[in-house]
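*Asks:* I'll drop the sequence and a predicted model, then ask my questions.
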Amino acid sequence: MDKRPRKQPGYYRNLVKSSLDIRKNRRKEKTWKKDDLFDVKILEETPTQYRVHWVGWSSSYDCWVEKGEVVDSSPSDFESVLFAKIKSESKRKLKFGPKDNVEVKIRLQCTPLEFDSILALPHQKEGRRVYIKVRDLTPVLGRNWHVRILNEQRDFSYILEDSLYFSFSKERSVHEFIIDSDNSLKQISHPTGHILSLRFIRMESTAQKLLTIMD
C-alpha cells in the first residue's frame, strides 16, 4: 500500500505558477566589454551629464552618464574612436609571446568612412594591403604608441618598422528564409558590416635598446 501523503488539490498548478513567476522576475543584465560602443538616445542634458536611453534595451536601464563618455556621430569623432581602438588593441597585443609566433593580427569593426581616414595618411598600397610606416601613425596615435614596457627591468616589445599593414573587407551577410504574406518562401539578407584587419611583427628587446626605439 502506498503510504506517501497525497498532494492537496492544485499543488502542482501552484508549483508551476511559482516557477514561472521566478523566471518572469529575472532581469536581463546589461553586459559589455571595455571599449565597446553602443547606440544611445539623449533624453536630457545638464552642463556635465547626459541622461541616455540605450537603444534596444528596456527604459529601466536609462541612466545619467558623463558627457565625456558619449561620442558624437560626426566623422571626426568616429575617426578618433577608430584610432583609439587601434592604439589600445596594439598595446594589448604587444606582450611577450612564443618566439615562433611574432606576427600579430587584430580585427576591428570599421566603416568605409573610417577607413578613408586611414587612407588619408601617407601609405603604400599593394593589392588589398595598405602599408603605413609606424612613424606616420604617430601624429594620430601619439608618441611611443608602438612600444610597451612590460616590467620593472624595462624589458619591452615593439612594432617592427615597415611591417605594419591594414586591409579592409566586407563581412559576409547573414541569409535567412522567411514566409511571406502570400505563404511563399522569401530569402533576405542582413548586412554584418566591414572589418579592418591590422597586422604587424612584434619584436622584443631589453632596456639597453629602449632609448633607440622610443621617440
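*Replies:* Structure's in. What do you need? Numbering: from 1, shown residues only.
*Asks:* only C-alpha atoms for contact and neighbour calcs from this point on.
*Replies:* Fine.
*Asks:* What is the burial count for the closest residue in space to Ile179 that isn't next to it in sequence?
*Replies:* In space, and not counting its chain neighbours, Ile179 is closest to Leu185: 4.8 Å by CA to CA, 6 or more residues apart in numbering. The local packing of Leu185 (other CA atoms under 10 Å) involves 11 other residues.
*Asks:* same question, Gly127
*Replies:* Applying other CA under 10 Å, we find 7 other residues in the vicinity of Gly127.
*Asks:* so who does it touch?
*Replies:* By CA atoms under 8 Å, 6 or more residues apart in numbering, Gly127 lies in contact with nothing.
*Asks:* Where does pLDDT dip in this protein?
*Replies:* Applying pLDDT under 70 to the chain flags the ranges 1-37, 68, 71-79, 99.
*Asks:* Where do the helices of it begin and end?
*Replies:* Across the chain, reading from the start of the chain, the helices by DSSP state H fall at 11-25, 75-93, 112-119, 134-141, 210-213.
*Asks:* ok so, going back, do I have it right that the residue nearest to Ile179 meets Glu176?
*Replies:* No - counting by CA atoms under 8 Å, Leu185 does not reach Glu176; the two are 10.1 Å apart.
*Asks:* Tell me if I'm right that Val134 and Val147 touch.
*Replies:* No - Val134 is beyond contact range of Val147, at 10.5 Å (criterion: CA under 8 Å).
*Asks:* Cheers, nothing more for now.
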